[in-house]
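Asks: Dropping a prediction and its sequence here:
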Amino acid sequence: MSETAIDTARLADWMDAAALPGKGEPLQTRFLSGGTQNVIYELRRGEHSCVLRMPPPGAPPDRDKGILREWRIIEALDGTDVPHTEAVAVCADASVLGRPFYLMGFVDGWSPMELADRRWPEPFHSDPQARVGLSYQLAEGIALLSKVDWKAKGLQDLGRPDGFHERQVDRWTAFFERIKGRELDGLDTATEWLRARRPLDFIPGLMHGDYQFANVMYRHGAPAQLAAIVDWEMGTVGDPKLDLGWMVQSWPENTDTPGESEMSYVDMRDMPSREKVVEHYASVSGRQVDDLDYYLVLAKWKLAIVLEQGFQRAGDDEKLLSYGPIIVELMRSAADLAESSDYR
């Protein structure tokens, strides 16, 4: 995406009025990344640096509420043991830069999305024992997130945990009907199974909504240490075990098998098995995982529907077109697990 211009003079004035560090120093900006929903800049004033995140000019109006919602989450995480970016400041006044925005701490680390040819940075590429820690740290991130006292943090209105699972199936079934351009084999089977077996009771908690290697950052060097969970666009209060299901829904059962490990956008060779990663989540979170099959089916089913929207709007976009067979496999996998699972 092309870089969105920022009025550095207005931004500097706002930062000065907010009594942020570096007052009077020249403000330098560096474009980091951007898409249809957000643009991200590094800001520097003297020795101080932070990151600005805001919707681009063409983003839908509801992204303004979304960006302020993200801010509430990262602000609530301050003082917890959840790896996160520091909450620096927020501006709800669109007259400053054209859209609301917030500032967060700069993370000195690396993202799995920056890997060249799926090659882990050293020492994780050459040391399988060190690499294992990346997976356990990933699981630990959402385990710690699930333990945050969201009521004490003032997030009672962030989501509606009552009826969470009923709404998941109803909402995404209706969504699929709106975008439907083809039949998906296994959709009806998985949908009926989810309706019949939704959890009758669960412990509500803060959840990320799109938890995977793509949305975390690690600190440099070994041992593996999660630096921050990022991209809170889908964050809410609901059932945190859906984050677990989302994270492991495509995790290879056997990471020693080249064919399975190559299905991921990261190199899964020599990673711990799905079972071991889930056990670590359970140990840290204190949550039972006997009903994991439900969350795996829900995650596969939901992800297939989410990706189907992009596929139906793909046009000539090769990346979106490539989702086609992935979606088919996801929905078939959801139905197959539903039919073979002994979860009742």
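Replies: Perfect, I can see it now.
Asks: Test my guess that Leu158 contacts Trp232.
Replies: No: counting by CB atoms under 8 Å, Leu158 stays clear of Trp232, with 10.6 Å between them. Quick note: C-beta positions are derived from backbone N, CA and C, even for glycine.
Asks: who's more crowded, those two?
Replies: Higher neighbour count among Leu158 and Trp232: Trp232, with 24 against 18, using other CB atoms under 10 Å.
Asks: Around Arg44, how many other residues sit close by?
Replies: 16.
Asks: Determine the three-state secondary structure at it.
Replies: Classification of Arg44 using DSSP: H, G, I helix; E, B strand; the rest coil returns strand.
Asks: what is it paired to in the beta sheet?
Replies: Under DSSP bridges, the beta-bridge partners of Arg44 are Gln28, Ser49.
Asks: For Ser146, see how far away it is.
Replies: 35 Å (CB to CB, to the nearest Å).
Asks: ok so, going back, shared neighbours of Leu158 and Trp232, anything?
Replies: Shared contacts of Leu158 and Trp232, defined by CB atoms under 8 Å, 6 or more residues apart in numbering, are found at Arg69, Ile73.
Asks: Show me the helices in the stretch 151-300 of the chain, by range?
Replies: Secondary structure of the stretch 151-300 of the chain (DSSP state H, counting those that start in this stretch): helices located at 164-179, 187-197, 241-248, 258-261, 274-285, 292-312.
Asks: From the contact counts, what lies against the third one?
Replies: Meaning helix 241-248. Counting by 3 or more CB pairs under 8 Å, 6 or more residues apart in numbering; DSSP states H and E, the packing neighbours recorded for helix 241-248 are helix 128-145, helix 274-285, helix 292-312.
Asks: how about a markdown table for these, with mean neighbour count, mean pLDDT and distance to Arg198 added?
Replies: Formatted as a markdown table, those follow (neighbours: other CB atoms under 10 Å; pLDDT from 0 to 100; distance: least, CB to CB, whole Å):
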| stretch | mean neighbour count | mean pLDDT | distance to Arg198 |
| --- | --- | --- | --- |
| helix 128-145 | 21 | 98 | 21 |
| helix 274-285 | 18 | 97 | 20 |
| helix 292-312 | 22 | 97 | 7 |
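Asks: Nearest to Glu166 among these would be which one?
Replies: Comparison of the helices and strands packed on helix 241-248 against Glu166 by CB to CB identifies helix 292-312 as nearest, at 12.0 Å.
Asks: residues near Asp231, how many?
Replies: Neighbours of Asp231 (other CB under 10 Å): 19.
Asks: Hmm, it is touching Asp210, no?
Replies: Yes: contact criterion CB under 8 Å: Asp231 and Asp210 qualify, at 6.9 Å.
Asks: nearest spatial neighbour of the residue most central in space within the chain, skipping sequence neighbours?
Replies: Central residue of the chain (CA atoms, centre = their mean): Asp210, 3.2 Å from the mean position. Counting by CB to CB, 6 or more residues apart in numbering, the nearest residue to Asp210 once its immediate chain neighbours are dropped is Met234, at 4.8 Å.
Asks: ok, now how distant is that neighbour from Gly181?
Replies: Counting by CB to CB - Met234 and Gly181 are separated by 24 Å.
Asks: Of the two, which one has the most company?
Replies: Of the pair Met234 and Gly181, Met234 is the one with more neighbours under other CB under 10 Å, namely 17 against 9.
Asks: And the more buried one, how far from Asp170?
Replies: Counting by CB to CB - Met234 and Asp170 are separated by 18 Å.
Asks: Could you check how many residues crowd around Ile6?
Replies: When neighbours are counted by other CB under 10 Å, Ile6 comes out with 19.
Asks: For Ser340, grab the count of nearby residues.
Replies: Ser340 has 8 nearby residues by other CB under 10 Å.
Asks: likewise Pro83?
Replies: Pro83: 23 neighbours (other CB under 10 Å).
Asks: That one against Gly141, yeah?
Replies: Yes: if you go by CB under 8 Å, Pro83 and Gly141 touch, sitting 5.9 Å apart.
Asks: Any chance you could list residues touching both of the two?
Replies: With CB under 8 Å, 6+ apart as the test, Pro83 and Gly141 both reach Val216, Leu226, Ile229.
Asks: which among those gets closest to Ile203?
Replies: Of those, the one sitting nearest to Ile203 (CB to CB) turns out to be Ile229, at 19.7 Å.
Asks: for the closest one, what are its contacts?
Replies: Val82, Pro83, His84, Gly141, Ile142, Leu145, His208, Tyr211, Asn215, Val216.
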